[in-house]
Structure formats: structure tokens, C-alpha cells
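Participant: here's my sequence, what's the structure:
(chains A, B, C and D)
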Number of protein chains: 2
Amino acid sequence: MSEPFLDTLDEQSPAPAEIAKPVASLHEGLLVALRDFIVEGNLEDGARVPERALCERFNISRTPLREALKVLAAEGLIELLPNRGARVRELSSADLRELFDVMGGLEALAGRLACERITEVEFAEIERIHHEMYRFYLRRDMHGYFHCNQAIHQLIVAAAGNATLSATYAGLAGRIRRVRYSANLAKDRDRLGEAMREHEAILDALRRRAGSELSDILFLHLRNKLKAAQAPALAAGA
Amino acid sequence: MSEPFLDTLDEQSPAPAEIAKPVASLHEGLLVALRDFIVEGNLEDGARVPERALCERFNISRTPLREALKVLAAEGLIELLPNRGARVRELSSADLRELFDVMGGLEALAGRLACERITEVEFAEIERIHHEMYRFYLRRDMHGYFHCNQAIHQLIVAAAGNATLSATYAGLAGRIRRVRYSANLAKDRDRLGEAMREHEAILDALRRRAGSELSDILFLHLRNKLKAAQAPALAAGA
DNA sequence: GCTGATCATTTTGCATTCATTTTTTGGAAG
DNA sequence: CTTCCAAAAAATGAATGCAAAATGATCAGC
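Facilitator: Numbers count the residues shown, from 1 in each chain, chains lettered A, B, ... in the order given. Sure, this is the predicted structure:
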């Protein structure tokens, strides 16, 4: 068998992006579909994005497709080379570091804001999932563990109650989601225990509504996650 | 005379956005031009964006213009109503709060990263501008003061050495730049002194490379800035 | 046999065109 | 005079067409 978990990193971002829009449009559909198509890895890293083929794939003409490509390029998912079409953007390890740091900064912010406004009900839900994650951890059930981990981070961002933050965060997460390496994380048992302890600290700070402290913990948590992800260099699934 | 300084808020963001792109494209030009056109306030808040007029204004056909509009909508500068065209997005006070908080989070991150990698030369430059700002403060020269203030924040973000952060930050700053209220800030002398003291603390923390501390200070600095900006509600220039 | 140039094919970028939808305008009824 | 409806006008969303650029394929030259 191949790698145990070719899941994407244990990051959140359920919906691709979406800056608050009053009503849904028709073109929106294509944008979402195309973004998913790329994020889900249907195109190779650095591969050129075939306009014509995608037009047939989505049953549309080139005009709306090209509009969507422009948007995805602005999001950083692809890059547009003048007169040479679109290419799936490759993430260098430096890009990855940058993305993790910014996501760490945004999670730090989310934690701080969450401390200001989180309700007991919301906290209880996070705590519940945390305990569930702990059980997965004890059983070494990586799939369940990652799922809970993702849910917790997602709930913290949501608890911040800031749509702009959520949208910004989701946009960056989408760019990372193409990168696959959880096999890496799964193999490093020490990191797993460490991550579990960090999550304990996160929950504790959140319980005490210690915003500034939680902020630090979350940023460092992301830093450690990055380190673990790119450390052994056994990375890159497939 | 009207307000003393109908400048935009003392925020940075020199170049509109730009996610790292290998080479410049032709379409890029239109996008930048159109973004500036809107950011500079050539269109009323909430006004519909006249496609035809802009086509003539920029001497292009509707196709590239519409592509640019889609991108600007994704950035959050305008909103696209299905079958009803584009409108300049209005910022509610809640939107403004969200934007300030996220920018505060990003500045907090910038400060943290800057502490890790800033050079003595870069720090000296920031310190120099800080002292220049102090002289403007003593003379109550608001224009010079704001200019220095903006430069300092900009240099901290730059010192973070994270292009993704810079681009994200610039994008949000662009959305705020349409809002004008420095008249507000200028009138509140107490806030000015307070801001000056906060900047002292920022410089001090940066000097000591106290990342986590600087992070807190910067976030709260932005919070206070928002409070001052929307407190007296004499806001909204013109 | 390999490198480099010329030409055909494909692809990109933009303008134009077409079908729908929305907005405006004019008028009739109450 | 106001309100409602209908038709004209305009604008939007998407498809097609066309010029320019790039890709590749073939062929000449070394």
C-alpha cells in the first residue's frame, strides 16, 4: 500500500473563499467549480491550464472561463503568463513558509477575537471535539485525529465572528490545500504528542479567555506544524 | 475652510495588491488603473460601476473590463449583483471594524516576524522616521505626522519579509483607503498623544526584538486607531 | 547526425455580436 | 394626481470571430 493518509494537511477551510456577497450569481458557480477542480489536484503542479478542454468540461464558452481564471490568478492559485496562458502555481518551500506564517498570524488573531466573544456553548463544542480528538490520538487513528484537528481550528476561526478574517483565511488555506504531506506528520509520533499538548494549551487559554496568550500559542502551533511538515523531507505524496 | 486633512486614514499600502507574479502582463495595467480609479474615490459609495463609460475612459472593450471587475469583486472592493452590474461596495461600521481587526492581526504578525529578521539598518531607518514623526507631533503638523506614521507601519510590514503578508495586507488596506476620516483623528488631541506613546512602545519592543510583546502592542494600537476613527462620529469627510 | 531556421497549427487576447434581463418611459385607468 | 401596466431602451451575461503571438513540425545547413 502507499502512504497511510494522503489527506491534505490538517487545515480547515471548508468553503473556498467568498467575500460576503449579498446574492449568489450564476458565474459564481463556475468560479467555485473551477477552484475546486484545481484545488482537488486534477491538474499537475505547474501544468498549463487548458482553456479549451475546461470549456468542454464545464460546458461554457471561453469568456466566463477566462473571467474565472483571472480571479483565481488574483487569489494566487494559478499564475497568468502573458500570451502564454495560465499555469497551476507551484509552491516553493519559501512560499509554503510564508503561507504558514500568515495563516499562523490569522489564527492568532482568530484566537484573540474568539476569547472576546466566544459563548459557553461554542466553547463546549470545541472542548467536546478536543476530547474526541484525544481518543483518536490514543488509538493512533490518524484519519479521525486530523478530522477533529481541522474542525477545532475551523471552529476557532468561526468563533472570532469576523467574516473578513474567515474569507482571508479560507483563501490562503485553499492555496495550501493542494500540497499533500500528512504522511509526513503521521509518521512523526513525537510531533503528534507535541501537537496534542499544544492543543491542550490552546483549549486552556481559550477557557481562560486569555486572548494574547492564546494568540502566541496558536502562532507557534502553526510554526511547529510547518516544521514537522517539511522537516523529514519524506514529503510530497504521490 | 473644510477639514484640515482629508487624507485617507494613516495606513500604508503603496502598491494596490499584486500577488507575486513572474512577469507583468498587459491586462495587469487595466486592473491596476481601474483599482486606483475606484480607490481614489472617482465613484460614489454604492454607486453602480458604469461599464460603458469605463470602456471609453480606458479605451478598451467590455471583455477585459469585465474581467477586471470580477477580480475587484473578489478583492471585495466592489460587489457584483446578478444581472444588475457592479456597485462600489459600501463599508458598514461593522465591516470597518472587521477590516481593522484583520489588519491589526496582520500588523501584529508583521511585528512578530520583523523581530525575527529585521536588520540594524532597517531598524535605524524606522527609528529615524519615528523621531521625525515626533518633531511633527510637537509642531502639530498633522500632514507630516500622518506621513511618517504611515511610513513606519509600512516599514514594519516590509521588514517582516513575507510577500504573502504584504500582498494580503495591501489588499485590505485598499478597501479601507476609500474611507476618509483623518479629520476625526486630527481633532482628537488626546488620541494623538496616546498614539505617540504607543509608537514609543512599538519602537521599544522592536528594539528589544520582543516579538510577542510587539504583536500585542500593534494589535491594540490598531484597535485604538479604529476607536478614535469612529468614536466622535463627526467622521466621513466631504 | 545534430543544430538552427521557416512555416503551419494552435492558442491567446480582445472586439464584436446575440440573447435575456432589467430599467426606463409613456400612457391609460382609477 | 397617483398608480399600474406595457413597450421601448439600455445594460448585462455569454458566445463567437478575428488578429497577434506562441508552439510545434518540417526542412535546410553544418
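
Participant: what comes up buried for the helix or strand hosting A:Ile156?
Facilitator: According to DSSP states H and E, A:Ile156 maps onto helix A:142-159. For helix A:142-159, burial by neighbour count (16 or more other CB atoms under 10 Å in any protein chain shown) applies to A:142, A:145-159. Backbone N, C-alpha and C define where each C-beta goes, glycine included.

Participant: tell me the one of these nearest chain B?
Facilitator: A:Val157 (11.4 Å; CB to the nearest CB).

Participant: residues touching the closest one, list them.
Facilitator: Contacts for A:Val157 (CB atoms under 8 Å, 6 or more residues apart in numbering or on different chains) come out as A:12, A:106-107, A:110, A:165-166, A:169.

Participant: which residues sit against stretch A:105-121?
Facilitator: With CB under 8 Å, 6+ apart as the criterion, stretch A:105-121 contacts A:153, A:156-157, A:159-162, A:165, A:168-169, A:172, A:202, A:205-206, A:209-212, A:214-219, A:221-222, B:101-102, B:104-106, B:108-109, B:112, B:165, B:215, B:219.

Participant: what segments of chain A are helices?
Facilitator: Taking DSSP state H, the helices of chain A run over residues A:26-39, A:51-58, A:62-75, A:93-117, A:120-138, A:142-159, A:163-177, A:182-187, A:189-207, A:211-230.

Participant: about what we covered before: what subset of the contacts of stretch A:105-121 is buried?
Facilitator: A:153, A:156-157, A:159-162, A:165, A:168-169, A:172, A:202, A:205-206, A:210-212, A:214-219, A:221-222, B:101-102, B:104-106, B:108-109, B:112, B:165, B:215, B:219.

Participant: how many residues are close by the closest residue to A:Glu98 other than its chain neighbours?
Facilitator: Excluding its sequence neighbours, the residue lying closest to A:Glu98 (CB to CB, 6 or more residues apart in numbering or on different chains) is B:Thr164, at 4.1 Å. The number of residues packed near B:Thr164 is 23, by other CB atoms under 10 Å in any protein chain shown.

Participant: so B:Thr164 is in contact with A:Thr168, correct?
Facilitator: No - using CB atoms under 8 Å, B:Thr164 is not in contact with A:Thr168, being 11.1 Å away.

Participant: on that earlier part again, of the helices of chain A, which approaches B:Arg52 most closely?
Facilitator: helix A:62-75 (17.6 Å; CB to CB).

Participant: can you tell if the closest one touches DNA strand C?
Facilitator: Yes - Helix A:62-75 is in contact with DNA strand C by CB under 7 Å from any atom of the strand, via A:62-63, A:66.

Participant: list of residues touching that helix?
Facilitator: A:17, A:27, A:30-31, A:34-35, A:38, A:49, A:51-52, A:54-55, A:58, A:78-80, A:86, A:171, A:174-175, B:17, B:19, B:21, B:27, B:63, B:66-68, B:70-71, B:74-75.

Participant: still on that earlier bit, possible to save the contacts of A:Val157 as TSV with pLDDT?
Facilitator: Below are the contacts of A:Val157 laid out as TSV (pLDDT from 0 to 100):
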residue	pLDDT
A:Gln12	41
A:Leu106	98
A:Glu107	98
A:Ala110	98
A:Leu165	98
A:Ser166	98
A:Tyr169	97
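
Participant: show me which of those residues is closest to chain B.
Facilitator: A:Leu165 (5.1 Å).

Participant: enumerate every residue touching the closest one.
Facilitator: A:106, A:109-110, A:113, A:157, B:98, B:101-102, B:105.

Participant: likewise for A:Arg48?
Facilitator: Neighbours of A:Arg48 in contact, by CB under 8 Å, 6+ apart: A:84-87.

Participant: please apply the same query to A:Glu125.
Facilitator: A:Glu125 touches A:Leu155, counting by CB under 8 Å, 6+ apart.

Participant: look up how far A:Gly211 lies from A:Arg117.
Facilitator: As for A:Arg117, its distance to A:Gly211 is 10 Å (criterion: CB to CB, to the nearest Å).

Participant: any idea how far A:Ala205 lies from A:His221?
Facilitator: To A:His221, A:Ala205 is 11 Å away according to CB to CB.

Participant: ok, and the most crowded of the contacts of A:Arg48?
Facilitator: A:Ala86 (24 neighbours).

Participant: dihedrals phi and psi, the residue nearest to that one when sequence neighbours are not counted?
Facilitator: Take A:Ala86 and drop its neighbours on the chain: the residue closest to it by CB to CB, 6+ apart is A:Val49, 3.9 Å away. Main-chain torsions, A:Val49, degrees, to the nearest 10: phi -90, psi 110.
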